[in-house]
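Peer 1: any chance you could fold what I've pasted below:
(chains A and B)
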Amino acid sequence: MASTGLSSSAAPSDATSAKAVLVAGLLSYADAETIGAVTTAVRDGLASHFGGVVSRIVLVDSGSADGTAARARDALGSSGGLLELSPARATADMLELPYHGIPGKARALHTILATARDLEAQACVIFDAGVCTITPHWVDWLIRPVIQHTFDFVSPYYHRHPFEGALTKGVVYPLVRALYGARLRQPAGAEFACSRRLIDHFLGEDLWERDGAQVGIDLWLATSAACGDFRLSEAALGVRTQHTRSEKTVDLGTTMTQVVGSLFADLESRAERWQRTRGSVPVQQFGALPAMAPMRGSSVDLERLIESYRLGCRELRDVWTWILPPRTVLDLYKLMDLPLAQFRLDDELWARIVYDFALGYRLRVLARDHLLQSLVPLYLGWLASFILQVRDLGAEAVDQRVEDLAATFEAQKPYLIARWRWPERLRT
Amino acid sequence: MRHGDRWRDPNWYKRAIIYELPVKSFYDANADGIGDFPGLIEKLDYIESLGVTCLWLLPFFPSPLRDDGYDIADYCQIHPSYGTLDDFKRFLDAAHERRLHVVVELVLNHTSEQHPWFQRARRAPKGSIERDYYVWSDIDEKYRAARVIFVDSESSNWTWDPVAQSYYWHRFFHHQPDLNYDNPAVLQELLRILDFWLELGVDGFRLDAVPYLVEREGTSCENMPETHAVLKAIRRHVDERWPHCMLLAEANQWPTVVRAYFGDGDECHMAYHFPLMPRMFMGLHLEDRQPIVDIVQLTPVIPDICQWALFLRNHDELTLEMVTDEERDYMYLAYSADPQARVNLGIRRRLAPLVGNNRRRIELLNSLLFSFPGTPVVYYGDEIGMGDNTYLGDRHGVRTPMQWTSDRNARFSRADPARLYSPVIMDPIYGYQAVNVESQERDGSSLLQWMKNLIGLRRLFPAFGLGSLEFLTPDNQKVLAYVRRHSADTILCVANLSRSVQPVELDLSAFAGLTPVEVLGYTDFPIVGPQPYFLTLGPYGFYWFELQRRPV
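Peer 2: Below is the predicted model of the structure:
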């Protein structure tokens, strides 16, 4: 394989030369609190569900100073077998804590996948060592589709409160589905599994050293799988919670810049592919979702969300005219005066807004960070509208509402393609 | 190799969009009136914004500049007017960071008379290796069958050298003695030069004037088998050490002759398609597709890894060597009624003045350039419709400073106007106050914005760079229609070569059931049926359609 400039600092040893059918990779950073339980769950999952095959647990720690690796070793105890590797020491990306908290994540992931390839593993499963809710079943639900059902990529599907993960519901999932044709509902999940064929494909992809890989790598791997000739599936893993790695809170603007920015960057690099994809196909689901009572009522302050939207309309009017066509801007103004109960941001309008922002990002009509930050009030408006529509619904109905939104994104895809191909510069 | 494996596609040149520029003409960073590498670095954002993927730099080596740098005095240095080797390295890194490949010139055929090799050769004993770096004769009668190329300035291919007391051979200007490839040391020298630039990180070479490398008595001294042997040796060397490197042959010959420069895929990766360019202009002026169809049908199949380089205009004259005498007469009348515009066997004009600054014609010609089989080469300034100055002598009139703004010197340089290497274009139609990058970047309907969009479209469809071509034969001769196919993609291109609206009925029965989707606006047209498909095209209009099979 051609060099990517990434390498493991681990010296070749007997440990790495032995073959394994399964590789379970743990990514960690300052996870002393959780990694013991995660390691144990992974070990137990491998033993109870795949006891008959050779498996290895590989840990790539991104420089924890809290004894994370020692906790993992302790958790395995005398059973041992933990293969510890370090990603090549990066520079800037090791200093930057992304919203999901693994510095140098792309390098760490690359190290695990390269190790899985070197071990000639048939499947590789990835876990974030900061996850608090993992059970041994996760190992089964993620790996079995690969080993037993010949799927190439298993994306996680976490059970969430209807109002949680709204950025995924309102932007990431609809966009990934409409553009790449794969109905992966949480395509940027931290846990996933992949086949040997997909490992080779991932390692050959030209994305590991791209700007933003630190943040976007999970999503980019999912879209990479969606764009190739691979079989995709989802594993329902239940509820996921994560321990906090940093005292610093990440504001919505930063999250928007990181998540949506990495998605828009991906669009730019795969335009040739997504413009040829029509429609979408559902993916087969594995695992099981625990029953959760319908969520009635909400602690979300809708007035505050809508006021943020109104403030955006007042303050960002000029900025938006660089990105959005006049019709859209007018439609947004009309929403300002609506009372809370009638506040609705139409799906079609929202889809076009997201598409226009993707186009503005591509054309660099504004500094990209500023452009993405200016999406925040619009997103909050959409979120308020979404919550108003689903707050009295059960989980299934909420899911259906998200599906309807994603279908609208699909229907509006020609709008994006037409403008992408022959952009109309709104202001010059 | 630095920068990984240069983005992994070994056949990158087949999907490239090349932007050709002389460093001296692009941007002057040190206010000495001459463009330079630091200036070029400053303008890389602009080049990136165009969407092109590859830069081809005209010669930038130390040179007396009697042939605008094609008379090289030192192959491994930078002309001091353009900067230093460190400046070049910085430029290369900055270009690669923007994913732009960089192709430089390798003038194989000749050097400047000031090159140390020549100065040494003229003083070396007859028969010595040093002397034999060049082609000498005691008489000027050898190789009489070889034509003189620069008929306006040279009367013979031999020039007497009083120091050597011998004649030396030159196919171009008399101050450009031809290297002697019968001397193996010469090839070794050139390979060392090639390694030098590849080691720095360049991605390919334009091999200048390749048909003339070897001379043999009784022949035209063009396209000799020994010349191909030299090129094959260069290619072997490249493949062994620099597999990403692309070699582009400049061989102004008929396609059937140029075909040999691809070998069996073991000679040059690319070669210019010289005869296509004048025929595109001719077809446009005649309002008849036949000249274009004829030359494409005369073009032989080339090996899979090879590619034609296509262009509308470049730094030289619009060459009319590869047309018939009648066609040349027609072209002179049609495109250079002013004799001042003629030089050698060609027309020294840029694209916009050639077509009367007609925006629709410029767009149509570019649509052909970007949809024909091959890699398009855009000449700097043509993306904004720059003009020329035919009074500057030789071909300098198409190498004037890039027009960035309407400010002094077109903001090309802060030097006093008198100090510029060339006056900027100042006439009322094409002058820098009317035609410049700044105004076109602010004008949403400018030629520059249109070119950016077209380049973006071209990049979306691999079929344009990689696909096959089939012509359709509608009754209306003013309409050129062809299908490009690659993998699952089928693209139908239809162009109206005339100044008036034209109807056309296309036999698309082979595509019955498919939906033509107009590429620019992503608009569905009626599904193709068994009957002729009827279209109407506006003056100089063109359509590109994806032929898509829609799910039932």
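Peer 1: look up phi and psi at whichever residue of the stretch 151-300 of chain A sits closest to chain B.
Peer 2: Closest contact between the stretch 151-300 of chain A and chain B, by CB to the nearest CB, is at A:Glu272 (5.4 Å). For every residue, glycine as well, the C-beta is placed using N, CA and C. Backbone torsions of A:Glu272, given as degrees, to the nearest 10, read phi -60, psi -30.
Peer 1: give me the nearest residue to it, chain neighbours excluded.
Peer 2: Counting by CB to CB, 6 or more residues apart in numbering or on different chains, the nearest residue to A:Glu272 once its immediate chain neighbours are dropped is B:Leu460, at 5.4 Å.
Peer 1: now B:Asp507
Peer 2: B:Pro532 (5.9 Å).
Peer 1: so how far is chain A from that neighbour?
Peer 2: Remark: distance between B:Pro532 and chain A (CB to the nearest CB, to the nearest Å) = 27 Å.
Peer 1: so how far is B:Leu354 from that residue?
Peer 2: 35 Å (CB to CB, to the nearest Å).
Peer 1: which one of the two is surrounded by more residues?
Peer 2: B:Leu354 (24 against 14; other CB atoms under 10 Å in any protein chain shown).
Peer 1: right, and that one touches B:Met280 too?
Peer 2: No: counting by CB atoms under 8 Å, B:Leu354 stays clear of B:Met280, with 10.7 Å between them.
Peer 1: now A:Val154, what's its secondary structure?
Peer 2: Following DSSP: H, G, I helix; E, B strand; the rest coil, A:Val154 is assigned to strand.
Peer 1: and for A:Tyr158, the neighbour number?
Peer 2: By other CB under 10 Å, the residues close to A:Tyr158 number 22.
Peer 1: doesn't B:Asn409 fall inside a helix?
Peer 2: Yes: under three-state DSSP, B:Asn409 falls within a helix.
Peer 1: that one: what's it in contact with?
Peer 2: Contacts for B:Asn409 (CB atoms under 8 Å, 6 or more residues apart in numbering or on different chains) come out as B:401, B:415, B:417, B:420, B:424, B:432.
Peer 1: in JSON lines, list the residues you listed along with distance to A:Gly238, secondary structure and pLDDT.
Peer 2: Shown next, in JSON lines, are these (distance: CB to CB, whole Å; DSSP: H, G, I helix; E, B strand; the rest coil; pLDDT from 0 to 100):
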{"residue": "B:Pro401", "distance to A:Gly238": "67", "secondary structure": "coil", "pLDDT": "97"}
{"residue": "B:Ala415", "distance to A:Gly238": "71", "secondary structure": "coil", "pLDDT": "97"}
{"residue": "B:Pro417", "distance to A:Gly238": "74", "secondary structure": "helix", "pLDDT": "97"}
{"residue": "B:Leu420", "distance to A:Gly238": "72", "secondary structure": "coil", "pLDDT": "97"}
{"residue": "B:Val424", "distance to A:Gly238": "70", "secondary structure": "coil", "pLDDT": "97"}
{"residue": "B:Tyr432", "distance to A:Gly238": "67", "secondary structure": "coil", "pLDDT": "97"}
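Peer 1: which ones among those also lie next to chain A?
Peer 2: Among those, proximity to chain A is found for none (CB under 8 Å from any CB of the partner chain).
Peer 1: and these, which are buried?
Peer 2: Among the contacts of B:Asn409, those buried by neighbour count (16 or more other CB atoms under 10 Å in any protein chain shown) are B:401, B:415, B:420, B:424, B:432.
Peer 1: my guess is the fourth one meets B:Phe412, correct?
Peer 2: Yes: the criterion here is CB under 8 Å, and B:Val424 meets it with B:Phe412 at 6.5 Å.
Peer 1: quick check: neighbours shared by the two?
Peer 2: Taking CB under 8 Å, 6+ apart as the contact rule, B:Val424 and B:Phe412 both touch B:401, B:403.
Peer 1: per-residue pLDDT, the residue nearest to A:Glu272?
Peer 2: B:Leu460 carries a pLDDT score of 93 in this model.
Peer 1: now swap in the one 3 residues further on and tell me
Peer 2: At B:Ala463 the predicted local confidence, pLDDT, stands at 96.
Peer 1: next one: the closest residue to chain A within the stretch 451-552 of chain B from B:Pro530, what distance?
Peer 2: At 4.0 Å from chain A, B:Tyr522 is the closest residue in the stretch 451-552 of chain B, using CB to the nearest CB. For B:Tyr522, the distance to B:Pro530 equals 26 Å [CB to CB].
Peer 1: which residues sit in contact with B:Pro64?
Peer 2: B:71, B:73, B:112, B:114, B:175.
Peer 1: ok, back up a step: between B:Tyr522 and B:Pro530, which one's more packed in?
Peer 2: Neighbours were counted for B:Tyr522 and for B:Pro530 using other CB under 10 Å; B:Tyr522 has more, 19 against 10.
Peer 1: phi and psi next, for that one.
Peer 2: phi 60, psi 50.
Peer 1: quick check: closest non-adjacent residue to it.
Peer 2: Closest residue to B:Tyr522 apart from its sequence neighbours, by CB to CB, 6+ apart: A:Ala418 at 4.0 Å.
Peer 1: ok, so what distance separates the one you found from A:Glu424?
Peer 2: As defined by CB to CB, A:Ala418 lies at a distance of 9 Å from A:Glu424.
Peer 1: same check, this time on A:Val23
Peer 2: Per CB to CB, A:Val23 is found 49 Å from A:Glu424.
Peer 1: and what of A:Ala235?
Peer 2: The spacing between A:Ala235 and A:Glu424, counted by CB to CB, is 42 Å.
Peer 1: so between the two, which is more surrounded?
Peer 2: The neighbour comparison of A:Ala235 against A:Glu424 (other CB under 10 Å) goes to A:Ala235, with 28 against 12.
Peer 1: how's chain B carved up into domains?
Peer 2: Using automatic domain parsing, the domain ranges for chain B come out as B:12-109+B:184-459, B:116-169, B:468-548.
Peer 1: could you tell me the end-to-end distance of the longest one?
Peer 2: The separation between the terminal residues of domain B:12-109+B:184-459, taken as CA to CA, to the nearest Å, is 12 Å.
Peer 1: cool, and the shortest one?
Peer 2: End-to-end distance of domain B:116-169 (CA to CA): 17 Å.
Peer 1: what about the strands in the stretch 151-300 of chain A?
Peer 2: Taking DSSP state E, counting those that start in this stretch as the test, the strands found in the stretch 151-300 of chain A are A:153-159, A:192-195, A:232-239, A:284-287.
Peer 1: can you flag the weakest of those by average pLDDT?
Peer 2: When I compare these, strand A:284-287 is least confident, with a mean of 90.
Peer 1: export the next helix or strand after that one as CSV, just CAs?
Peer 2: Going down the chain from strand A:284-287, the next helix or strand is helix A:302-315, by DSSP states H and E. Only the C-alpha atoms of helix A:302-315 are listed here, as CSV (Å, rounded to 0.1, in the frame of the first residue of the first chain):
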residue,chain,number,x,y,z
LEU,A,302,-39.1,26.9,22.9
GLU,A,303,-39.6,30.6,23.4
ARG,A,304,-35.8,30.9,23.8
LEU,A,305,-35.1,28.9,20.6
ILE,A,306,-37.5,31.0,18.6
GLU,A,307,-36.1,34.2,20.0
SER,A,308,-32.7,33.1,19.0
TYR,A,309,-34.1,32.5,15.5
ARG,A,310,-35.7,36.0,15.5
LEU,A,311,-32.5,37.6,16.7
GLY,A,312,-30.6,35.8,13.9
CYS,A,313,-33.2,37.2,11.4
ARG,A,314,-32.5,40.7,12.6
GLU,A,315,-28.8,40.5,12.9
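Peer 1: tell me which residues in the helix or strand harbouring B:His96 are buried?
Peer 2: Assessed by DSSP H and E, B:His96 sits inside helix B:85-97. Judged by neighbour count using 16+ other CB under 10 Å, the buried positions of helix B:85-97 are B:87-88, B:90-92, B:94-96.
Peer 1: chain A next: which of the residues you listed are close?
Peer 2: Among the buried residues of helix B:85-97, no residue sits close to chain A (CB under 8 Å from any CB).
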